[in-house]
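Visitor: how would this look folded up:
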Amino acid sequence: MKKYLPLIIIGIAILILIPFSIPILLALLTALVLEKPISILQNRFKIKRPYAVLLIFVVFLLLLCILGFGLINFIYTNFVSFIENIPLYVRKFNHDFINPLLDTWENYSASLPEGVMTSIEISINNSVNAVDGLVKQLMESLILFVSGIPGFFIEALIYLIALYLISLDLPKIWASLETMLTEKTRNKIKYVVNDLYKAGFGFIKAQVILSLLTFILAYIGLVLLRVDYSLILAIIIVVVDILPILGTGSVLVPWAIYALSQGQTNLGIGLVVLFLVITVVRRAVEPKIMSTNMGISPLAALISMFIGLKMLGILGLFLGPVVVILFETLRRANIIKLNIKI
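Guide: As a prediction, the model looks like this:
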């Protein structure tokens with residue numbers, strides 16, 4: 001027990017510090033991913049490490065800026081457009097739904113029994129209270145989101161600075177760690193890092209395949225529904241689908257509801273069918289694609305994704321297989337000595 005006490009203490013300390021060290025940990029993981037192209041520039045093109053790190057860092061930063069600018073521009077443009085059109089939506093909703101409902105209510109309310117009237121009034125009050133509570137919750141969420149923006153930018157800045165410094169000194173960091181470890185332990189760590197590196201690229205490859213599949217299904221569906229700008233809309237659906245919190249339903253379902261409210265029944269039903277087709281096809285092929293590219297069995301991928309979804313929501317779909325891969329890698333490296341193959 002005394003032999004493993006330092007490891008237990010270190011493990012507990014790491015678990016406690018992880019929530020406060022996410023930018024640094026993300027920077028370390030990103031630095032490990034970027035190490036490959038940096039090494040290629042060093043070895044193949046004979047570029048000194050500081051310049052190679054600077055070049056790859058600038059390219060990575062440009063990609064982040066392009067992606068971030070595109071996403072913010074898309075959200076801002078649509079949000080402003082939505083705000084500007086709210087009066088039009090309200091008038092349309094009142095004209096098409098509320099006014100006919102009030103006319104119908106006036107025609108039939110006089111003939112209804114008092115008990116039925118009371119029940120209806122209670123239901124209406126409950127609905128109004130529910131909507132009021134939802135609006136308050138949305139406002140609180142919006143305030144929380146806005147208040148968190150300065151902190152996000154500070155953490156993003158820490159992440160970028162840490163990424164550059166870690167990338168610059170990664171060989172030195174690894175060399176200093178090697179001096180503190182035995183050769184057997186070094187080999188195990190190298191095995192784990194290489195395995196996780198392959199799994200990371202396998203994960204990216206799997207996501208690219210799934211995104212391509214989503215794009216093809218969305219584009220074909222929108223073309224069949226004779227929607228204008230089908231190509232651009234399919235790309236937007238894929239971009240939104242990549243975001244863990246959202247997904248294709250964030251675009252297609254509200255769009256379908258709006259189409260149905262405007263009397264475009266065929267388009268509304270078609271969008272719902274398209275959403276169901278994309279969801280079913282993705283859920284059917286996702287475990288197989290993930291397992292093929294990440295080195296775990298389809299059953300393990302399916303179970304880990306399901307458990308991750310139940311525990312962490314949409315984010316769990318990604319983290320579930322990662323935990324399984326980490327376990328398998330540690331087991332194959334004999335760090336975890338269990339005779340269980342996943």
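Visitor: confidence score at residue 76?
Guide: At residue 76 the predicted local distance difference test score is 73.
Visitor: Any idea how far the longest helix seen in the chain is from the middle of the chain?
Guide: Of all segments of type helix in the chain, defined using DSSP state H, the longest is helix 114-179. The chain centre lies 13 Å from the centre of helix 114-179; the measure is Cα atoms, centre = their mean, to the nearest Å.
Visitor: same deal with stretch 300-318?
Guide: Using Cα atoms, centre = their mean, the offset of stretch 300-318 from its chain centre is 12 Å.
Visitor: Flag every buried residue along that stretch.
Guide: Under the neighbour-count criterion of 16 or more other Cβ atoms under 10 Å, stretch 300-318 has 300-305, 308-309, 316-318 buried. Quick note: C-beta positions are derived from backbone N, CA and C, even for glycine.
Visitor: go on, stretch 167-174?
Guide: Using 16+ other Cβ under 10 Å, the residues of stretch 167-174 that count as buried are 167-168, 170.
Visitor: Residues contacting it, please?
Guide: Outside stretch 167-174, the residues within contact range by Cβ atoms under 8 Å, 6 or more residues apart in numbering are 31-32, 34-35, 38, 49-50, 53, 56-57, 166.
Visitor: Just among those, which is most surrounded?
Guide: Neighbours were tallied for each of the contacts of stretch 167-174 (criterion: other Cβ atoms under 10 Å), and the maximum of 25 neighbours falls on residue 53.
Visitor: So it sits against residue 164, correct?
Guide: Yes: the pair residue 53 and residue 164 qualifies as a contact (Cβ atoms under 8 Å) at a distance of 7.1 Å.
Visitor: ok, and the closest non-adjacent residue to residue 61?
Guide: Closest residue to residue 61 apart from its sequence neighbours, by Cβ to Cβ, 6 or more residues apart in numbering: residue 160 at 7.1 Å.
Visitor: Which residue is the nearest non-sequential neighbour of residue 265?
Guide: Spatially, and ignoring its direct neighbours in sequence, residue 265 is nearest to residue 259 (8.0 Å; Cβ to Cβ, 6+ apart).
Visitor: so the one you found, which of the three states?
Guide: Three-state call for residue 259 (DSSP: H, G, I helix; E, B strand; the rest coil): helix.
Visitor: List the contacts of it.
Guide: With Cβ under 8 Å, 6+ apart, residue 259 has these contacts: 265, 267-268, 271.
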